[in-house]
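**Q** Below are the sequence and a predicted model for it; my questions follow.
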Amino acid sequence: MTKKRDLEKELSKAGGRFLKPGGNHDIWIAPNGARVAVPRHREIPENTANDIRKEAGLR
């Protein structure tokens with residue numbers, strides 16, 4: 001499990017920025033320009049976190 005905070009720090013450090021809160025997800029603009037939805041849970045399953053990283057161009 002990955003903490004939501006840690007994933008958001010990774011996105012921010014790489015140059016991503018928070019765009020807006022959504023219904024069940026927060027929307028971020030990734031460094032590669034893609035919109036990425038981050039679930040609003042304290043901990044995110046590792047597979048989901050890896051998918052978000054891949055979509056954001058961090059991997």
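**A** Thanks, I have it.

**Q** Beyond the helix or strand hosting residue 12, next helix or strand please.
**A** In the assignment (DSSP states H and E), residue 12 maps to helix 4-13. Proceeding C-terminally, helix 4-13 gives way to strand 17-21 as the next helix or strand, assigned by DSSP H and E.

**Q** what residues does that next one touch?
**A** With contact meaning C-beta atoms under 8 Å, 6 or more residues apart in numbering, strand 17-21 is reached by 8, 12, 26-29, 35. Bear in mind the C-beta positions are built from the backbone N, C-alpha and C, glycine included.

**Q** Could you do stretch 49-57 as well?
**A** 2, 7, 10-11, 14, 16, 28, 30-32, 34, 36-38, 44, 59.

**Q** same thing but 10 Å
**A** 1-4, 6-7, 10-11, 14-16, 28-39, 43-45, 58-59 (C-beta atoms under 10 Å, 6 or more residues apart in numbering).

**Q** For the most centrally placed residue in the chain, give me its contacts.
**A** Nearest residue to the geometric centre of the chain (C-alpha atoms, centre = their mean): residue 38, 4.5 Å. Going by C-beta under 10 Å, 6+ apart, residue 38 touches 4, 7-8, 11, 16, 18, 22, 25-28, 44, 48-49, 52, 56.

**Q** name the element it belongs to?
**A** strand 35-39.
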